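when you get a sec, could you give me coordinates for this:
(chains A, B, C, D, E and F)
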Protein chains: 6
Amino acid sequence: MFYHDKKLQYKVRVDKPNPQFARMLQQAIGGIEGEIRVCLQYLFQAWGSRGPEKYRDMLLDTGTEEIAHIEMLATAVALNLEGATNDLKDKLVGENPLLGAVMGGMDPRHFLSSGLAAMAVDSNGVPFNGSWVVGSGNIAADMYANVMAESTGRVLATRLYESTDDAGMKDMLSFLIARDTMHQNQWLAVLEELGGLKNVHPIPNSFPQSKENSEFAYSFISTNIDPTDKGLSDTGRWAMGTSIDGKSNFSFVKAAPHGQEPKLGAPDPKGHAQTEQMTGGIVGEAAAGIKTVVDKVRDKLS
Amino acid sequence: MFYHDKKLQYKVRVDKPNPQFARMLQQAIGGIEGEIRVCLQYLFQAWGSRGPEKYRDMLLDTGTEEIAHIEMLATAVALNLEGATNDLKDKLVGENPLLGAVMGGMDPRHFLSSGLAAMAVDSNGVPFNGSWVVGSGNIAADMYANVMAESTGRVLATRLYESTDDAGMKDMLSFLIARDTMHQNQWLAVLEELGGLKNVHPIPNSFPQSKENSEFAYSFISTNIDPTDKGLSDTGRWAMGTSIDGKSNFSFVKAAPHGQEPKLGAPDPKGHAQTEQMTGGIVGEAAAGIKTVVDKVRDKLS
Amino acid sequence: MFYHDKKLQYKVRVDKPNPQFARMLQQAIGGIEGEIRVCLQYLFQAWGSRGPEKYRDMLLDTGTEEIAHIEMLATAVALNLEGATNDLKDKLVGENPLLGAVMGGMDPRHFLSSGLAAMAVDSNGVPFNGSWVVGSGNIAADMYANVMAESTGRVLATRLYESTDDAGMKDMLSFLIARDTMHQNQWLAVLEELGGLKNVHPIPNSFPQSKENSEFAYSFISTNIDPTDKGLSDTGRWAMGTSIDGKSNFSFVKAAPHGQEPKLGAPDPKGHAQTEQMTGGIVGEAAAGIKTVVDKVRDKLS
Amino acid sequence: MFYHDKKLQYKVRVDKPNPQFARMLQQAIGGIEGEIRVCLQYLFQAWGSRGPEKYRDMLLDTGTEEIAHIEMLATAVALNLEGATNDLKDKLVGENPLLGAVMGGMDPRHFLSSGLAAMAVDSNGVPFNGSWVVGSGNIAADMYANVMAESTGRVLATRLYESTDDAGMKDMLSFLIARDTMHQNQWLAVLEELGGLKNVHPIPNSFPQSKENSEFAYSFISTNIDPTDKGLSDTGRWAMGTSIDGKSNFSFVKAAPHGQEPKLGAPDPKGHAQTEQMTGGIVGEAAAGIKTVVDKVRDKLS
Amino acid sequence: MFYHDKKLQYKVRVDKPNPQFARMLQQAIGGIEGEIRVCLQYLFQAWGSRGPEKYRDMLLDTGTEEIAHIEMLATAVALNLEGATNDLKDKLVGENPLLGAVMGGMDPRHFLSSGLAAMAVDSNGVPFNGSWVVGSGNIAADMYANVMAESTGRVLATRLYESTDDAGMKDMLSFLIARDTMHQNQWLAVLEELGGLKNVHPIPNSFPQSKENSEFAYSFISTNIDPTDKGLSDTGRWAMGTSIDGKSNFSFVKAAPHGQEPKLGAPDPKGHAQTEQMTGGIVGEAAAGIKTVVDKVRDKLS
Amino acid sequence: MFYHDKKLQYKVRVDKPNPQFARMLQQAIGGIEGEIRVCLQYLFQAWGSRGPEKYRDMLLDTGTEEIAHIEMLATAVALNLEGATNDLKDKLVGENPLLGAVMGGMDPRHFLSSGLAAMAVDSNGVPFNGSWVVGSGNIAADMYANVMAESTGRVLATRLYESTDDAGMKDMLSFLIARDTMHQNQWLAVLEELGGLKNVHPIPNSFPQSKENSEFAYSFISTNIDPTDKGLSDTGRWAMGTSIDGKSNFSFVKAAPHGQEPKLGAPDPKGHAQTEQMTGGIVGEAAAGIKTVVDKVRDKLS
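Residues are numbered from 1 along each chain as shown, chains lettered A, B, ... in the order given. Sure, this is the predicted structure:
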């Protein structure tokens, strides 16, 4: 279970409130790269953890830490919205500074819906979506989901860092960027513990590779059909040498169909396709006649 | 631009149509682990690719291949739905086999909405969501997004493999599982080309680490406050030794607040909080009196 | 503005409550083919109607009628759920009939969330989505949106008709199917009034066709590259003869690129791509060196 | 910031795992009535709290408690899924027990996506949606949002209680139901502190009622036009007596339009409505002629 | 069933069209605090109403009234967009006034998608979502959902009122604000009829409180662990005195775990976790060996 | 299966990058009127095609072409974002050009999330939604869905054309507008092949019209109750003459209820409505007494 104190994990200071930056920070709260996602992702992975206990413990630690990151960012949003209704008065035309701020790129819902506070949405006001919370039950797949989240998360944080000149905000982001550095390393450390690339892959490593179609398991397939510019995809590491998982060698092949042309059955009469779909395209009364016969036959057979 | 022929990339055969399995296959089409996601993800990454050209070429190849995978699975769904309205007749009660199939776990929209064909939804009928298409502009972050997609994708495919006894379906899945093996290796091969863990991390490697708060960049933070069971998270690789990116050493610390208690300003009068929020909780007429004074002062100042 | 009386537009009778059928009916309430969509679509088209007044009047009439259809279906759902907790007792195992009904295909939220009443969701519990409400400001485009809605709506209604043996439900559906017949005809009547195919198309007919690239305006483009099976798409009406809008002749051509290979600029340094994206794939310290130089040059130039 | 220990807030025991009940429990995790919603709602309200400090403190306490409720329910889901692949073997037909469970009402994604663990979705697999997290900046409105959440939440919990015979699950639910009792009382206690109905309403109480149109502020408007059955809505408390907020008296009036028929301007030419929308419905060449003239005039004027 | 006339419920006048304000008004149409939500919410509650008939009658009256509110707001949006393509010409740079308007905060879809008319979306263009339509089958829970909707709705309307200087718009909003006043009172009147706080709570009042865990039903639980700043949450009404429902006394307790540490079973082999999850973290060949043995044993037992 | 070459279907040139126009172009990529939708729609229709083979062939051709359109637009977005971080420097205030661009109407996620590249979202950042992909199994309904998509699509493209002065963008759009002209004609050509309006309608034409309630199949129903302004809806083609499908005559009737007042049963006790819903509104102890008796009777009967 969970506890709190009233202090922030790291200081949050806004020297010059900026409602546009408040909007941008929302991406780090409710966006797919944001903190609600990693918070719930690590906690759900912990709560569903099966296997060595230390991974559950570790996931709980970091999932709990992430709640504090949402808190920091939500505080930063609220502070950036302080005086949002007045700050832009001089810069923008009109007697209505609120509208001015919205004209200037503020999220209108920061005023209309939340009364100058953070929301569980991204920088375009698109709500957080639970589908982003990945916990597959396979720890290696989950660790890659986590590395990915911390990688896009750190990229986002560095872009936010570039987007502000506010010293307080830069300081807060320098902390969050550092934590993302750690968390990237942390999930990679689990992958190392699990034996590294050669033992971990292909994920899941518990499925016998004898059951996969080995002819297609290590060949790069190029769909490029241009005879004059075949591209450079045969020059990469993925097209030659030992596979990264150490289990075979890469090859490079041109795409070719190994399957048949698909043939589906006729429409089921109860599904009420157009009559012509059941009569080979013959239209009108002739079609109706055919369908009547077909229906009768079907009725007898069924 | 893009071309097609009429054949499938690999053969799709359904020996015994099964509408429930059709529903399960939808997860591999329109689910977050599914083929629409990887198809659009690789294509959007290609179309936005900045940097060495061979990565664009390679992403286009594989993004195009994935369209063929959606096609195979959509064909498999349609074939599994053949006769969906009759197949269960004997097994389930009632005069109404359609309803019987729905009772038995079929997606009702496979009959009601698509007329026995695949849809762009997951196995619960939740529509594909474009937010899942990740292309960050940072190739290393994207490669992790791709490894993650192929890892959860291969886990899904092996679970589908376990869920069917249909030889045709198992054969199709053995192909898709093999392609996921290749694709995991393929994205890892890019990461190797980019210099491996020590050069790639922390992502983005173009942000000067001197700007992150180094005090917090390599320490595992434990939020566990139980004095009697501190858990095992100090026993993992992430708590000791050289960091995976080779740039520092891991340490283990207990969570502690480094920030202040957050203090937000009073509500903006135009935001129409309750009067008591502006009067320190004093209610009723007294509160209204206080607010009148406050408003007057504000008016003068603004 | 709007008024009501307490009676239904048409009688709704359920002879034998069936919670599975209740779930299927939800598709006609909150699904993309359902009545909330057409109701809001016609009303929003009316409220935004610009041009001859009679179209606004007519849209208001039919939009208002559709509210009554939602009402009928919502009533049908509630009646089909009467006794949902007991009806399946004998048929399904276990001491827990509620669970039995859910096992048997009932929407669990019909019990858990709504207490045996209709909801604004489809037959999989996916919520109604406002993006389905189409009103483009172009009346011809809107009429096609409406024909399409009534066509998929009538297909849905006939499939529901096939899915039940309940005489009351069949009677209600025979009414709704009839209204869909009228509404298909109604929107087509507007298109006839607007001058029929030759005047209406291409939509919008107010855009001067001289500004479109006429070379590509009436040719069917085939992307099929299989030399052995070129398919039948050159045998259709779309590949020969006068175009349907009467403004040109159809032709059939094979797909070929008319554009260049796209070339994007280098990543913006503030966007923090990987360093190797800016150094042509050269990794590690060498890359960092290159980037340092590049950054300095950029700084000077900017 | 936040901390945890490894124990649950209350014991979670599943005597007889049941994958269908696991699915139903998801409603209490990721549904609109569920614990993720209240957890984030109370925390976001705390983080954006402006006004007396004790409300922030109290919201943090309860928001933090709710994380523990998600944890309990996630644990309950995982335990109900133990052996999901075997438990139903004997009861259901076929050689494939997994498919059997899905046929029987299990969420297929509990196997396919999460590997027998909880997800951030509702009982139909619809993902949690951040739009449900309400924090308006007005504490009274927020308290009603909270009472509502705890009321629908407790209704849900009692329905889950009725849906299971598992003694462990009933025990867990008896705890959660009790907490919902407290939390209903808790948010009502704030409303009492804020002065009760007469001081709190109308929300926001900081907007001068002199600015609202007082003619319409306390009258119940009936839209019922049936002369033979006017309904009973004039017999309720809302149609007579002093208003609940004590500021006026209720009255009962029949709906009547007080506004005009809306008239919108002609379509903007750049918006490319159909030509006939700009020519009063005159079609074809005549319409084009009119439009040409109109366009010329517009061009001159602009 | 439903009827209409062509007039608006109240006059809608826009003195000075403003596309930014059009965007803000969308929040009151398709946002979670908006009129589509309350309209459908009251109608669905009516259609699913079980119990005294007068509540159904009353809900139908008000649900029908709300359609007229959507109509007013949709009209207001269209009028605010009149001339959107020209109005800002002089104020904003560039030869392209449309783009200028978008730069200035207009919703681009108001031009691109709807041709200068309202849409079923919020002020950020996020579509209306059917999950917001709450009808629980419990009338008291529903009344709180309604009070909440009218409270956040009136807060929104007052904020819109503050955001405009247009006399027509202020007049329209003064009407809508008044109706929200009435509707807050109206739902509260039902709660009074149902016996007031002491009879209504805890909701549902039909669940025997003897079945809830009484130890936890009236205690405020504080999760604050800071020994130096315990916060003020023990000073509120919720921490002392008779409970609001009159059934017990409030108490204040510190959070403590009453449950065990959760222990989940091993991963099911068919779910294809990583091998190391089944071998206690032992990696590589050794792990594979263990798994082979385990699989064999499982095969024998099953 | 699918192939590609590296060139674009048509040239994409941006003379003057404009991040606001990049945002507007997103509507044509990930919006409901956009290219991802038609691409997936035609492909899914092809993959589920039942009936004459040539329609599958033709749908595959055009579905494949549409991928190239997404590619063109994604390229156009990336090119419009080139230098997004510098271009507005001089025009907008402040030291921070990034923020300036966002203030000026750029999608912040174009910088924060994608690093200056296209995303699978609309012009408001709302993600593409798979529910828009319509394939009903009825070819005529599908053709109308396609005509509608190409009509709203061409309207969108002409509005984008009006929104830019960039010669390169106008050239690209003149190509896309031309393709929409063809595709409107193409789907209409299928409808002509299927026998035209009289054979095609009502859709589905395979449902015997004898089973629909013929009394209501061809009458326009007016819900307008205003005795002084009955509107003009009786003056349209839909109110008189032969129906468009040639199967009857239109008539005009005033709306009137043909159904009963709906009566639902009492709440199921397990659903825990409020006690008063089961006791006719009698509150408090008296209600509880009634409920106890009722429960006992139910228990005996069940």
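
surely A:H272 meets C:L156?
No - contact criterion CB atoms under 8 Å: A:H272 and C:L156 do not qualify, at 9.4 Å. Any C-beta I mention is one placed from the backbone N, CA and C, and that applies to glycine too.

where exactly do the helices run in chain A?
A:19-30, A:35-47, A:53-80, A:97-103, A:108-112, A:139-162, A:167-193, A:196-200, A:275-278, A:284-301 (DSSP state H).

which other helices and strands contact the last one?
If you count contacts as 3 or more CB pairs under 8 Å, 6 or more residues apart in numbering or on different chains; DSSP states H and E, helix A:284-301 packs onto helix A:275-278.

picking up where we left off before, weakest of the helices of chain A in terms of mean pLDDT?
Mean pLDDT values for these show the minimum at helix A:97-103, a mean of 53.

what residues are up against the residue of the stretch 101-250 of chain A found nearest chain E?
Using CB to the nearest CB, the closest approach of the stretch 101-250 of chain A to chain E is made by A:G125 at 3.1 Å. A:G125 makes contacts with A:Q26, A:D107, A:R109, A:M119, E:D122, E:S123, E:N124, E:G125, E:V126, F:N124, F:G125, as judged by CB atoms under 8 Å, 6 or more residues apart in numbering or on different chains.

A:Q260 too?
B:K7, B:L8, B:K11, B:V12.

the closest residue to the last one other than its chain neighbours - how many residues pack around it?
Right, the one you point to is B:V12. Excluding its sequence neighbours, the residue lying closest to B:V12 (CB to CB, 6 or more residues apart in numbering or on different chains) is B:T75, at 4.7 Å. Here the number of neighbours of B:T75 (other CB atoms under 10 Å in any protein chain shown) works out to 25.

ditto for the one 3 residues further on
Residues within reach of B:A78, counting by other CB under 10 Å, total 27.

roughly how far does it sit from chain F?
Separation of B:A78 from chain F (CB to the nearest CB, to the nearest Å) stands at 5 Å.

cool, A:E276 as well?
For A:E276, the distance to chain F - CB to the nearest CB - is 5 Å.

and the helices of chain A: which comes nearest C:P262?
Distance to C:P262, taken as CB to CB, is lowest for helix A:139-162 among the helices of chain A, at 23.1 Å.

buried set for the closest one?
A:139-162 (16 or more other CB atoms under 10 Å in any protein chain shown).

got it, and stretch A:258-271?
Buried-residue list, stretch A:258-271, by 16+ other CB under 10 Å: A:G259, A:P262, A:L264, A:P267, A:D268, A:P269, A:K270, A:G271.

next: stretch A:165-178.
A:D166, A:G168, A:M169, A:K170, A:M172, A:L173, A:S174, A:F175, A:L176, A:I177, A:A178.

ok, and which of the residues you listed reach chain F?
Counting by CB under 8 Å from any CB of the partner chain, nothing from these sits close to chain F.

I'd like these laid out as JSON lines, including distance to B:W47.
Shown next, in JSON lines, are the buried residues of stretch A:165-178 (distance: CB to CB, whole Å):
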{"residue": "A:D166", "distance to B:W47": "34"}
{"residue": "A:G168", "distance to B:W47": "38"}
{"residue": "A:M169", "distance to B:W47": "32"}
{"residue": "A:K170", "distance to B:W47": "33"}
{"residue": "A:M172", "distance to B:W47": "34"}
{"residue": "A:L173", "distance to B:W47": "30"}
{"residue": "A:S174", "distance to B:W47": "33"}
{"residue": "A:F175", "distance to B:W47": "35"}
{"residue": "A:L176", "distance to B:W47": "30"}
{"residue": "A:I177", "distance to B:W47": "28"}
{"residue": "A:A178", "distance to B:W47": "33"}
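
check the offset of stretch A:151-167 from the chain's centre.
18 Å (CA atoms, centre = their mean, to the nearest Å).

is any part of it close to chain C?
Yes - interface with chain C: stretch A:151-167 contributes A:V155, A:T158, A:R159, A:E162 (CB under 8 Å from any CB).

just the C-alphas of that stretch, formatted as CSV.
Presented in CSV, the C-alpha positions along stretch A:151-167 are these (Å, rounded to 0.1, in the frame of the first residue of the first chain):
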residue,chain,number,x,y,z
SER,A,151,13.7,6.9,-24.1
THR,A,152,10.8,8.8,-25.6
GLY,A,153,10.3,10.3,-22.2
ARG,A,154,13.8,11.6,-22.0
VAL,A,155,13.7,12.9,-25.6
LEU,A,156,10.5,14.8,-24.6
ALA,A,157,12.1,16.2,-21.5
THR,A,158,15.1,17.5,-23.4
ARG,A,159,12.8,19.1,-25.9
LEU,A,160,10.9,20.8,-23.1
TYR,A,161,14.3,21.9,-21.7
GLU,A,162,15.1,23.6,-25.1
SER,A,163,11.6,25.2,-25.1
THR,A,164,12.0,27.3,-22.0
ASP,A,165,14.3,30.0,-20.6
ASP,A,166,12.9,29.8,-17.2
ALA,A,167,15.7,28.8,-14.8
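
can you tell me which residues in the stretch 101-250 of chain A are near chain E?
Checking the stretch 101-250 of chain A against chain E by CB under 8 Å from any CB, the hits are A:102-105, A:107-109, A:111-113, A:115, A:121, A:124-127, A:137-140, A:193-195, A:199-200, A:203-207.

burial of the closest residue to chain B within the stretch 1-150 of chain A, as a residue count?
Closest contact between the stretch 1-150 of chain A and chain B, by CB to the nearest CB, is at A:L8 (3.1 Å). Neighbour count for A:L8, taken as other CB under 10 Å: 21.

make a ChimeraX selection of the buried ones in the contacts of A:G125.
Here is the ChimeraX command that selects the buried residues among these (16+ other CB under 10 Å):
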select /A:26,107,109,119 /E:122,123,124,125,126 /F:124,125
